[in-house]
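> please find the sequence and the predicted model below.
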Amino acid sequence: MAILTIRIYGDEVLRKKTKYVKTFDKKLEKLVHDMFETMYEYHGIGLAAPQVGILRKIVVVDTLEPDEKYVLINPKIVWQSEERDVLKEGCLSIPGVEGEVFRPESIRVKAQTVTGEELELAASGLLARCIQHEMDHLNGILFIDHLRESERATLARALQELAVA
Ligand code: NI
């Protein structure tokens, strides 16, 4: 068990694309375990591997609601609702910054478990939002990229300060 170092906005690794996981071994299990530990330590509800400097398609989420704890390896959204909703988001890699993001309200996701088995799940509400936010990280996308121009402008200084810290 280990608490991993969370990469902060301005770190190049957060803008890189990730590779598929092909080896499902003890090392992957340990990494996933450590990602959960790290997420809980910092009171997050989701964490993606690039946030701990690892460029692989690995996401952990736990909204703390029953049955809303998942490991998603190589996740893919196979369906999304036309209905969207908006909610204020934050990110462990962008501390102190929040902004309203529109996203599809419901999704279906295919992924693999930590042991490589196929998994398909339907999610809506906070879980769907959290999964989409974390999956964005796998493509180097951050929630601030989705903000309205006006909102991003008001956050510009806070982001600049994070990036040079
Ligand atoms: Ni995030």
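It's in.
> use CA for all of it now, contacts and neighbours both
Noted.
> three-state assignment of the spatially most central residue of the chain?
In the chain, the residue lying closest to the centroid (C-alpha atoms, centre = their mean) is residue 134, at 1.7 Å. Recorded secondary structure, residue 134: helix (DSSP: H, G, I helix; E, B strand; the rest coil).
> with residue 107 instead?
Judged by three-state DSSP, the three-state class of residue 107 is strand.
> count the residues that sit near it.
22 (other C-alpha atoms under 10 Å).
> relative to residue 118, how far out is it?
17 Å (C-alpha to C-alpha, to the nearest Å).
> from memory residue 20 sits against residue 57, does it?
Yes - between residue 20 and residue 57 there is a contact under C-alpha atoms under 8 Å: 5.4 Å.
> now do the shared contacts for the two.
residue 74 (C-alpha atoms under 8 Å, 6 or more residues apart in numbering).
> so between the two, which is more surrounded?
residue 57 (25 against 13).
> quick check: the nearest residue to residue 147 once chain neighbours are set aside vs residue 152, distance?
Nearest residue to residue 147, sequence neighbours excluded (C-alpha to C-alpha, 6 or more residues apart in numbering): residue 101, at 5.9 Å. Separation of residue 101 from residue 152 (C-alpha to C-alpha) stands at 11 Å.
> who has more neighbours, the two?
Using other C-alpha under 10 Å, the more surrounded residue of residue 101 and residue 152 is residue 101, with 20 against 15.
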